[in-house]
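Chemist: let me see the structure of the following:
(one chain, ligands or ions: 2)
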Amino acid sequence: MSALQLVQMKLDRRIGTQLGGYRIVEPLGEGATSVVYRAEHVRLGRQAALKLLTPALGEADFRERFLRESQLAASLDHPSIVPIYDAGEEGEVLYIAMACVDGVDLKTLLASEGRLPLRRTLRIVGQVGSALDAAHARGLVHRDVKPANVLVGDDDRAFLSDFGVAKRLGTNGTTRTGSFVGTTEYCAPEQIEGRPVDGRADVYALACVLYECLAGTPPFHRPSELAVLNAHLHAPPPKLTKAAPELPAALEPVISKALSKSPLDRYPTCGELVAAARAAAAEPRIHRRRLAVSLSILLLCALAGAAVALTVRSLAFGGDHHAAARPPASPPPRVQPAPAPPLDAIMIKSRDGRTLNDVAFNLLKARQWKRALPFARKAVRRAKSGTLTRAYATFNLGYALYELGRCRESLVPLRRALKLEPKWEGPYIRPWINRAKECVRRGAIVPAPSPSSGGQRVPSPAP
Ligand SMILES: Nc1ncnc2c1ncn2[C@@H]1O[C@H](COP(=O)(O)OP(=O)(O)O)[C@@H](O)[C@H]1O
Ligand SMILES: [Mg+2]
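Modeler: Ligands and ions are numbered 1, 2, ... in the order given. A predicted model of the protein is given here:
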């Protein structure tokens with residue numbers, strides 16, 4: 001404890017007094033309109049966090065709302081929701097007793113550690129999202145999801161607090177909208193406008209928290225509160241990769257969707273937001289693609305090996321290998337199985353964009369342009385729009401067409417790939433566009449041989 005806190009403790013006349021059956025031990029923190037103490041239940045000796053609020057004059061229904069919402073919050077039983085022990089009023093003061101979380105709140109964590117790594121962020125945000133979905137299923141909207149209300153304990157266990165603590169007008173960063181307020185930095189447009197809110201307002205706020213963990217500042221951070229509110233209402237969602245260029249570009253559309261101005265355009269649940277963010281985080285990056293390629297090669301080699309083995313066997317035993325394989329006391333002859341379809345015919349059945357693109361990539365690498373083409377084409381169709389896979393498959397399609405001498409056709413996907421792929425890929429893609437243009441200009445049927453050190457999609461041999 002700092003010297004300042006010690007002085008504050010001495011000045012705080014509440015320390016050592018009792019309230020609602022709790023003895024107040026020390027301050028834990030302060031909000032805009034509340035103060036939280038570590039406390040101990042006098043009879044049971046149980047530790048608790050005791051939050052005190054003093055309703056302002058003229059807020060006649062504040063007490064009722066506070067007690068009603070506290071009851072609802074106490075009915076929530078979820079591993080990531082701070083359990084409520086008790087709520088009530090004593091004199092002028094409203095109090096809520098809850099489990100005391102050993103750890104720091106996310107606001108303090110971000111202030112001390114700065115931006116958090118993607119995996120850690122998703123771990124924390126994932127827990128909060130699941131707590132919110134559980135609350136929404138019970139008809140309770142949090143309305144004030146923000147880093148200060150996320151407590152992070154050992155092993156990054158996250159707890160969401162302040163369910164049902166009715167929010168009032170505050171001076172630093174809170175604003176009144178209808179009966180409730182949310183902190184401006186995380187406040188959904190419909191909440192600002194005083195329209196009815198549902199769980200999707202929390203989805204929006206959670207996306208703001210997700211963005212802040214990754215970028216270091218909330219998405220609509222502005223110098224004044226008014227400017228922040230205006231940005232929530234009118235500004236497009238900021239580009240996450242501008243603030244954190246090392247993050248997968250596939251996160252961009254996820255954040256944008258969750259920060260849609262209209263709740264109708266957002267993810268309907270926090271779980272869906274978190275799942276989409278996890279999927280985007282798992283998108284292979286450029287350097288990861290070698291792994292996918294190696295796996296594809298292994299698969300192809302295994303299948304090719306099996307084919308060779310079958311051929312050898314059929315040569316060794318002659319045409320009637322079924323008879324040769326039959327045990328002496330043979331069962332009645334079975335129907336001869338149909339010959340296995342060629343490998344490409346099996347692989348093209350895949351409906352997974354990434355698998356299809358991996359095959360296309362692998363075939364391109366082996367300079368099998370014609371075989372690669374249907375895989376690249378289908379990969380473009382099957383990969384979800386906005387994903388890196390879609391972008392890479394689009395390039396691969398253009399690349400295959402170019403190598404097949406279909407230069408004019410190749411220009412369309414190559415140009416599209418330039419738009420879809422992250423900016424830093426531009427220098428790799430543009431030379432191919434130029435080559436295709438040059439080929440069109442020359443009216444060439446067969447393109448100029450591609451340089452051996454070409455684009456990154458024709459990699460040098462794997463290490
Ligand atoms: N259950 C709790 N356990 C431990 N610390 C808490 C708990 N609830 C709140 N705190 C601390 O008290 C601080 C003030 O909380 P609060 O009054 O809710 O204001 P705000 O959420 O606006 O910061 C929090 O930021 C947190 O550090
Ligand atoms: Mg709080």
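
Chemist: going forward, measure contacts and count neighbours with C-alpha atoms only.
Modeler: Fine.

Chemist: strands of this protein, start to end?
Modeler: According to DSSP state E, the chain carries its strands in the segments 18-19, 22-30, 34-41, 47-53, 84-90, 93-98, 104-105, 150-152, 158-160, 174-177, 180-183.

Chemist: nearest to ligand 1, of those?
Modeler: When the strands of the chain are compared by Cα to the nearest ligand atom, strand 22-30 sits nearest ligand 1, at 3.6 Å.

Chemist: kindly format the C-alpha coordinates of the closest one as CSV.
Modeler: C-alpha atoms of strand 22-30 as CSV (Å, rounded to 0.1, in the frame of the first residue of the first chain):
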residue,chain,number,x,y,z
TYR,A,22,-19.7,-6.1,7.4
ARG,A,23,-16.7,-4.5,8.9
ILE,A,24,-14.9,-2.2,6.5
VAL,A,25,-11.2,-3.0,6.3
GLU,A,26,-9.5,-1.0,3.5
PRO,A,27,-10.4,0.8,0.2
LEU,A,28,-10.1,-1.3,-2.9
GLY,A,29,-11.0,1.3,-5.5
GLU,A,30,-13.3,4.1,-6.5
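
Chemist: and that strand, what does it pack onto?
Modeler: Under the contact criterion of 3 or more Cα pairs under 8 Å, 6 or more residues apart in numbering; DSSP states H and E, strand 22-30 touches strand 34-41.

Chemist: among the strands of the chain, which gets the worst mean confidence?
Modeler: When the strands of the chain are ranked by mean pLDDT, strand 174-177 comes last with a mean of 38.

Chemist: can I get the strands of the chain in a markdown table with distance to ligand 1?
Modeler: Listed next are the strands of the chain as a markdown table, based on distance: least, Cα to the nearest ligand atom, whole Å:
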| stretch | distance to ligand 1 |
| --- | --- |
| strand 18-19 | 17 |
| strand 22-30 | 4 |
| strand 34-41 | 4 |
| strand 47-53 | 5 |
| strand 84-90 | 9 |
| strand 93-98 | 6 |
| strand 104-105 | 5 |
| strand 150-152 | 7 |
| strand 158-160 | 9 |
| strand 174-177 | 9 |
| strand 180-183 | 8 |
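
Chemist: turn these into a markdown table, including mean neighbour count.
Modeler: Shown next, in a markdown table, are the strands of the chain (neighbours: other Cα atoms under 10 Å):
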| stretch | mean neighbour count |
| --- | --- |
| strand 18-19 | 18 |
| strand 22-30 | 19 |
| strand 34-41 | 21 |
| strand 47-53 | 23 |
| strand 84-90 | 17 |
| strand 93-98 | 22 |
| strand 104-105 | 20 |
| strand 150-152 | 25 |
| strand 158-160 | 25 |
| strand 174-177 | 20 |
| strand 180-183 | 22 |
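
Chemist: residues contacting K51?
Modeler: S34, V35, V36, Y37, Y95, I96, A97 (Cα atoms under 8 Å, 6 or more residues apart in numbering).

Chemist: any chance of TSV for the strands of the chain, columns distance to A111?
Modeler: Listed next are those as TSV, based on distance: least, Cα to Cα, whole Å:
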stretch	distance to A111
strand 18-19	32
strand 22-30	15
strand 34-41	20
strand 47-53	22
strand 84-90	27
strand 93-98	25
strand 104-105	10
strand 150-152	14
strand 158-160	17
strand 174-177	19
strand 180-183	17
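
Chemist: so how far is K242 from the nearest residue to R115 once chain neighbours are set aside?
Modeler: Leaving aside its chain neighbours, R115 sits nearest to G216 (4.8 Å; criterion: Cα to Cα, 6 or more residues apart in numbering). Going from G216 to K242 by Cα to Cα, to the nearest Å gives 12 Å.

Chemist: now swap in P263 and tell me
Modeler: Going from P263 to K242 by Cα to Cα gives 25 Å.

Chemist: between these two, which is the more surrounded one?
Modeler: Applying other Cα atoms under 10 Å to P263 and K242 shows that P263 carries more neighbours, namely 21 against 11.

Chemist: contact partners for that one?
Modeler: Neighbour list for P263: E190, R200, A201 [criterion: Cα under 8 Å, 6+ apart].

Chemist: residues contacting the closest residue to L373 other than its chain neighbours?
Modeler: Residue nearest to L373 in three dimensions, not counting chain neighbours: A400, with 5.8 Å by Cα to Cα, 6+ apart. Residues near A400 by Cα under 8 Å, 6+ apart: L364, W369, K370, A372, L373, A376, S410.

Chemist: for beta bridges, what are the partners of the residue nearest to G29 when sequence neighbours are not counted?
Modeler: Spatial nearest neighbour of G29, chain neighbours left out: V36 (5.3 Å); criterion: Cα to Cα, 6+ apart. In this entry, V36 is beta-bridged to G29, K51, by DSSP bridges.

Chemist: touching, V36 and L28? I think so.
Modeler: Yes: with contact defined as Cα atoms under 8 Å, V36 counts as touching L28 (5.4 Å).

Chemist: touching both of the two, which residues are there?
Modeler: Common neighbours of V36 and L28 (Cα under 8 Å, 6+ apart) are A49.

Chemist: neighbours of G443, how many?
Modeler: Other residues near G443 come to 13 when the count uses other Cα under 10 Å.

Chemist: so where's the stretch 51-200 of the chain uncertain?
Modeler: Applying pLDDT under 70 to the stretch 51-200 of the chain flags the ranges 55-60, 164-182.

Chemist: around ligand 1, pick out the residues from it.
Modeler: Near ligand 1, the residues belonging to the stretch 51-200 of the chain are M98, A99, C100, V101, D105, A148, N149 when assessed by Cα under 6 Å from any ligand atom.

Chemist: can I assume A87 is in contact with S70?
Modeler: Yes: judged on Cα under 8 Å, A87 makes contact with S70 at a distance of 6.6 Å.

Chemist: now for those two: what residues contact both?
Modeler: Common neighbours of A87 and S70, using Cα under 8 Å, 6+ apart, are I96.
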